[in-house]
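In: this is a predicted model, with the sequence first.
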Amino acid sequence: MNLRSMMVVSGALLAGVGGAAAGDKEVVRNLAGRVGPIIGSALACRDIARPRIQIIVDKFTAVITEASTNEAERSDVTQLLDRSVADGRGAVTSGRVDCGLADRQLADLERAIARPAPSLPAVVAPSFSAAAAVAATAPTAPVPVGPAVRGVTDREIRFGMSANLSGAAKENGRQMRLGIDLAFNRVNDAGGVNGRMLKLIVADDGYEPARTAENMKQLYDKDQVFGFIGNTGTPNAAVSVPYALERRMLFFGAFTGASVVRHDPPDRYVFNYRPSYAEETDAAVRYLVKIRRIPPRQIAVFAQSDPFGDAGFSGVAKAFRALGLGDNAVLRLNYQRNTIDVDDAVNQLKAQRVPIKAVVMVATYRAAAKFVEKTRDFFPGMIYTNVSAVGATTLAEELTLLGPRYANGVIVTQVVPAVSGYSSIVLEYKNALAKYFPGEAPDYSSLEGYISANVLIQALKRAGPQFDTEKLVDVLENTSNLDLGLGTALNFGRGEHQASHKVWGTALDEGGKYQAVEFE
């Protein structure tokens, strides 16, 4: 349904003509996702009279009640409406929708309610044929639609994301979401992808896998997403990847470098933008040994005690083997996920007979900062490296608060170019950031989300207006030499579902700013 046909159906429902029956619940769900943003946009505009908005809210609430056969159904649609209202508010606050447009859309909805409307069955059956007839007279023709595809309408493609928006690593999830929203907003303002707007629906899992399982079910069953993009966390991926694969759904651009999303041969529906943690830690060890001249036996690993830490540790072990040393030569210091309890790791480090001169950290930013804080005085010459998933910006903030000596020289491997640089993709990203989220500072994690989403957008464009998951996967597997302005080409293939293998080096200075480090 386009906007005009949606108004016709909304008018029939909200005016009470014909009434809403239990069989109309899918129609009501669809409209909740379309009327909600209009309500939300109006609510975000102070000059729009609240009684006008309240009339529509009251009418739609009554429609939801009438169309629901039980409390669970009513709650389901109400939650969908609430999320859509929040999206509408966000569209105004981010500048994607101005209050003039919000007022016009509300007025259109009011007129649709006021005018005599046909009975609801005549509007919606069969298969929204009346709505399609109205759409034919609209200024912009609807996208040709083939067989029904989950999460895809003539005007929208819905993607889901389960992210850690709370908990010890919440900034990673927030920034990843921000980057994807940036890319989606930018392409939507240019008319969308083949006429369809991209929509991101995000659920918070707090970095806890049990909550990830609930989110995946919600995004699949209730939100009816087409696929998943930007899911965050390695232990969470261990839950979400099997869920997506069982349903043959796209699982794209997860914020993890672990092997759970990098099987050999690759899982058909799982695609990554970023290099693996093993590649990042391997690069860090090679830098420490070859450039900084640290003996391998004087390099330790500080890692989260879960699959995230395991993935980074495996890269260090691989580098050790390449240097002729066994895995048992690597000292591993552990801490528990979602905590900053690093005392055992610190005590173990102090007890080593052979002095440790460098620590490769596979940790989230709070735990990493606490470890540096508790060891810097005992090991003033220690070199610390971190993988990109640490959350570079937030780590810098945490260490800078402790003082210049804690931040200075701390290394972070990156999977995107320097946010302080002037490459084409970085300039494009920063312009979008200033437009859609003014006040937000450039960040490595949000840049990763932006790049990853743009890789997917390019594939969606090439897939054409009529596509499904299988066609999109085929397009992705035939992507080669994609140039987004990173300075490195991106490639996929049937046996290669990771677009980039490039690792950049950065190090903090005394002012808490990242400077480029040559790893080779």
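Out: Thanks, I have it.
In: residue 511: neighbouring residues, count only.
Out: Residue 511: 11 surrounding residues under other CB atoms under 10 Å. To be clear about C-beta, it is placed using only N, CA and C from the backbone, and glycine gets the same treatment.
In: tell me the contacts of it?
Out: By CB atoms under 8 Å, 6 or more residues apart in numbering, the residues touching residue 511 are 400, 404.
In: run the last query once more with 10 Å
Out: Neighbour list for residue 511: 396, 400, 404, 407-408 [criterion: CB atoms under 10 Å, 6 or more residues apart in numbering].
In: a strand runs through residue 359, doesn't it?
Out: Yes. Per DSSP: H, G, I helix; E, B strand; the rest coil, residue 359 lies within a strand segment.
In: in the protein, which helix or strand is least confident?
Out: Counting by mean pLDDT, DSSP states H and E, the weakest-scoring helix or strand in the chain turns out to be helix 129-135, with a mean of 37.
In: just to revisit the earlier point, which among the contacts of residue 511 gets closest to residue 483?
Out: The shortest distance between residue 483 and any of those, using CB to CB, involves residue 396 and amounts to 29.8 Å.
In: what's the burial count for that closest one?
Out: For residue 396, the count of nearby residues is 24 (other CB under 10 Å).
In: what do you get for residue 426?
Out: When counting by other CB under 10 Å, one arrives at 21 neighbours for residue 426.
In: and it, how far from residue 397?
Out: 20 Å (CB to CB, to the nearest Å).
In: do the same with residue 439
Out: The value you get for residue 439 to residue 397, if CB to CB is used, is 16 Å.
In: of these two, who's got more company?
Out: When neighbours are counted by other CB under 10 Å, residue 439 and residue 397 differ, and residue 397 comes out ahead with 16 against 6.
In: please report how far that one lies from residue 505.
Out: 20 Å.
In: again, but for residue 325
Out: When distance is defined by CB to CB, residue 325 is 23 Å away from residue 505.
In: cool, and residue 289?
Out: Where residue 505 is concerned, residue 289 sits at a distance of 14 Å (CB to CB).
In: who's more crowded, these two?
Out: Neighbours were counted for residue 289 and for residue 505 using other CB under 10 Å; residue 505 has more, 22 against 19.
In: the residue nearest to the more buried one when sequence neighbours are not counted - how many residues pack around it?
Out: Spatially, and ignoring its direct neighbours in sequence, residue 505 is nearest to residue 517 (3.5 Å; CB to CB, 6 or more residues apart in numbering). Taking other CB under 10 Å as the criterion, the count of residues near residue 517 is 17.
In: next one: the one 3 residues further on
Out: Close neighbours of residue 520, defined as other CB under 10 Å, add up to 9.
In: my read: it touches residue 504, true?
Out: No. The pair residue 520 / residue 504 is not scored as a contact, 11.0 Å apart, by CB atoms under 10 Å.
In: what's the overlap in contacts for the two?
Out: Overlap between the neighbourhoods of residue 520 and residue 504 consists of residue 283, taking contacts as CB under 10 Å, 6+ apart.
In: residue 391 contacts residue 399, doesn't it?
Out: No. Contact between residue 391 and residue 399 fails when scored by CB under 10 Å: they sit 11.8 Å apart.
In: now do the shared contacts for these two.
Out: Counting by CB under 10 Å, 6+ apart, the residues touching both residue 391 and residue 399 are 365, 368.
In: okay, those two: which has more neighbours?
Out: Comparing residue 391 with residue 399 by neighbour count (other CB under 10 Å), the higher total belongs to residue 391, at 28 against 24.
In: and the closest residue to that one other than its chain neighbours, how many neighbours?
Out: Take residue 391 and drop its neighbours on the chain: the residue closest to it by CB to CB, 6+ apart is residue 365, 4.3 Å away. Neighbours of residue 365 under the rule other CB under 10 Å: 25.
In: show me what contacts residue 365?
Out: The neighbours of residue 365, taking CB under 10 Å, 6+ apart as the test, are 168-169, 171-172, 340, 386, 389-399, 412.
In: 7 Å instead?
Out: Under the criterion of CB atoms under 7 Å, 6 or more residues apart in numbering, the contact partners of residue 365 comprise 390-391, 394-395, 398.
In: now do the helices in the stretch 301-450 of the chain.
Out: The residue ranges that make up the helices of the stretch 301-450 of the chain, judged by DSSP state H, counting those that start in this stretch, are 307-322, 343-350, 365-375, 392-402, 404-407, 424-436, 444-463.
In: send the alpha carbons of the fourth one over as PDB?
Out: Taking only C-alpha atoms (Å, rounded to 0.1, in the frame of the first residue of the first chain), the coordinates of helix 392-402 have been written out as PDB:
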ATOM      1  CA  ALA A 392      37.500   2.700  20.400                       C
ATOM      2  CA  THR A 393      35.800   6.000  21.100                       C
ATOM      3  CA  THR A 394      34.400   5.000  24.500                       C
ATOM      4  CA  LEU A 395      37.700   3.300  25.500                       C
ATOM      5  CA  ALA A 396      39.500   6.600  24.700                       C
ATOM      6  CA  GLU A 397      37.000   8.500  26.900                       C
ATOM      7  CA  GLU A 398      37.400   6.100  29.800                       C
ATOM      8  CA  LEU A 399      41.200   6.200  29.700                       C
ATOM      9  CA  THR A 400      41.400  10.000  29.200                       C
ATOM     10  CA  LEU A 401      39.400  10.400  32.400                       C
ATOM     11  CA  LEU A 402      42.000   8.400  34.200                       C
END
